[in-house]
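Trainee: got a predicted structure here, sequence first:
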Amino acid sequence: MSGTLVLVRHGQSEWNLKNLFTGWRDPDLTEQGTREAIAAGTKLAAQGLRFDTAFTSSLKRAQDTCALILGELKQDALPTVRHQALNERDYGDLSGLNKDDARAKWGEEQVHIWRRSYDVPPPGGESLRDTGARVWPYYLHDIQPHVLRGETVLVAAHGNSLRALIMALDGLSGEEVVSMELGTGVPILYRLNADSTVASKEVL
Ligand SMILES: O=C(O)[C@H](O)COP(=O)(O)O
């Protein structure tokens, strides 16, 4: 057995609440989102976890989630690496649009394809495959080595950047990833084998 990898999608953001496509836009957490991040930290503390390293994106909602989790663990001073490779999928021209308005304009099915398919990008934005093409190399080069050294590593990021990472960790196909949904502030705990394969996965 090697180390532990904890993935957490940020808590509810102001734009999640307003039902807007967000992507690389940078809204704050809502009060509920703040509570969700703190609750994630409480759950991780109850597991007896202590982090050795933390990674987050260049966007506030993930950074604040990361800091709130570390605060719950009394690990506020833990150095945290921020990198845009972990940012949300770029929603391109959909960014800032209301999701229901988009469904009214382009149809339920088209919007679902843009939101959940593996390889169809929203107009001017990234497909999940495009997102994975930046997330996975960053994971392999910058994050995985810490886990393989036996560390406990936190990654606080976004719905689709984490879907891309989980797709690769779990070996899911492009069809299988369509039905994967990640809740805000729900920690997913992976233990890895020394050969980097997944030993266990638990949704907390
Ligand atoms: O960028 C966004 O709008 C959300 O963070 C994720 O949105 P989705 O669930 O529509 O992919």
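Mentor: Cool, got the structure. Numbers count the residues shown, from 1 in each chain.

Trainee: thinking G132 is in contact with I166, fair?
Mentor: No: assessed by CB atoms under 8 Å, G132 is found out of contact with I166, at 10.1 Å. Backbone N, C-alpha and C define where each C-beta goes, glycine included.

Trainee: quick one: which of the two has more around it?
Mentor: Using other CB atoms under 10 Å, the more surrounded residue of G132 and I166 is G132, with 22 against 18.

Trainee: what about that one, which helix or strand?
Mentor: Here G132 sits within helix 128-138, counting by DSSP states H and E.

Trainee: from the chain's centroid, how far away is that helix?
Mentor: Using CA atoms, centre = their mean, to the nearest Å, the mean C-alpha position of helix 128-138 is found 12 Å from that of the whole chain.

Trainee: against which helices or strands is it packed?
Mentor: Using 3 or more CB pairs under 8 Å, 6 or more residues apart in numbering; DSSP states H and E as the contact test, the elements touching helix 128-138 are helix 159-170.

Trainee: ok so, going back, what sits up against the helix holding G132?
Mentor: 83, 85-86, 89-90, 116-119, 121, 160-161, 163-165, 167-168, 174, 177 (CB atoms under 8 Å, 6 or more residues apart in numbering).

Trainee: and these, which are buried?
Mentor: Among these, those buried by neighbour count (16 or more other CB atoms under 10 Å) are 83, 85-86, 89-90, 116-118, 121, 160-161, 163-165, 167, 177.

Trainee: tell me the secondary structure for A77?
Mentor: Following DSSP: H, G, I helix; E, B strand; the rest coil, we place A77 in the coil state.

Trainee: burial of it, as a residue count?
Mentor: A77 has 7 nearby residues by other CB under 10 Å.

Trainee: now A46
Mentor: A46 has 9 neighbouring residues, counting by other CB under 10 Å.

Trainee: distance between the ends of stretch 91-110?
Mentor: Start-to-end span of stretch 91-110 (CA to CA, to the nearest Å) is 14 Å.

Trainee: could you pull up the mean pLDDT of it?
Mentor: Throughout stretch 91-110, pLDDT has a mean value of 98.

Trainee: that older thread, next, the angle from the helix holding G132 to helix 159-170.
Mentor: 70 degrees (axes from the mean of the first three to the mean of the last three CA atoms, to 10 degrees).

Trainee: and helix 128-138, anywhere near the ligand?
Mentor: No: Helix 128-138 lies out of reach of the ligand by CB under 6 Å from any ligand atom, never closer than 9.1 Å.

Trainee: mind listing what's buried along that helix?
Mentor: In helix 128-138, counting by 16+ other CB under 10 Å, buried: 128-129, 131-132, 134-136, 138.

Trainee: what's the answer for stretch 72-92, then?
Mentor: Going by neighbour count (16+ other CB under 10 Å), the buried part of stretch 72-92 is 72-73, 75, 78, 80, 83, 85-92.

Trainee: kindly report the residues of this structure close to the ligand.
Mentor: Going by CB under 6 Å from any ligand atom, the residues of the chain near the ligand are 21-23, 88, 91, 115, 158-160.
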